[in-house]
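Peer 1: Sequence and predicted structure below; questions after.
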Amino acid sequence: MRYAIFLTALLAGTAANADALDVVDSKSNFVQIVKGKDLTRMGMTLQVTENGQITGRAFGKDVSGEWRWQDGYFCRSLYWGSRDLGDNCQQVAIDNGDIRFTSDRGKGQHANFDLR
């Protein structure tokens, strides 16, 4: 249970400030950025495929989900093990070579991932 809370907090990140970032404006740009790369962050390694799948591991459990590009946002449903982390549409931006996801269409919390 405590890992679920920690994972949710990490995926939510901290308060957003995307003013100085390069916002990703299309699905094709997003796919170009993540294609063939691992997204890593503190005990998590995720892959976001161009065919709409999310796979990986976080804190010893599988992560799975689906994504679509909708109205300029990365919209995803996500599971950590059997726990449903819900749906959310997120703004995507590039921050010094990292990729930043900001929840609630860019108005919520953010999390940066290294691209490897």
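Peer 2: Received it, and whenever you're ready, just let me know what you need.
Peer 1: Across the sheet, point out what pairs with Lys61.
Peer 2: Judged by DSSP bridges, the bridge partners of Lys61 are Ala58.
Peer 1: next one: the one 4 residues further on
Peer 2: Under the criterion DSSP bridges, Gly65 forms beta bridges with Ile54, Leu78.
Peer 1: Please, which helix or strand holds the residue nearest the centre of the chain?
Peer 2: By Cα atoms, centre = their mean, the chain has its centre lying nearest to Phe101, at 5.2 Å. Using DSSP states H and E, Phe101 maps to strand 98-102.
Peer 1: Pairing partners for that strand, with directions?
Peer 2: Partners of strand 98-102 in its sheet, by DSSP bridges: strand 83-95 (antiparallel), strand 109-115 (antiparallel).
Peer 1: Could you list the alpha-carbon positions for it in CSV?
Peer 2: The C-alpha coordinates for strand 98-102 follow below in CSV (Å, rounded to 0.1, in the frame of the first residue of the first chain):
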residue,chain,number,x,y,z
ASP,A,98,13.9,15.2,-20.0
ILE,A,99,10.3,14.7,-20.7
ARG,A,100,7.7,16.3,-18.4
PHE,A,101,4.1,15.2,-18.0
THR,A,102,1.8,17.6,-16.3
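Peer 1: Just after that strand, pick out the following helix or strand.
Peer 2: Counting by DSSP H and E, what follows strand 98-102 is helix 103-106.
Peer 1: Against which helices or strands is that next one packed?
Peer 2: strand 83-95 (3 or more Cβ pairs under 8 Å, 6 or more residues apart in numbering; DSSP states H and E). In short, each C-beta sits where N, CA and C put it, glycine included.
Peer 1: Give the buried residues for the strand it packs on.
Peer 2: Leu85, Asn88, Cys89, Gln90, Gln91, Val92, Ala93, Ile94 (16 or more other Cβ atoms under 10 Å).
Peer 1: So which residues make contact with it?
Peer 2: Strand 83-95 is contacted by residues 4, 7-8, 11, 16, 18, 21-24, 30, 33, 65, 70-79, 99-106, 112 when judged by Cβ atoms under 8 Å, 6 or more residues apart in numbering.
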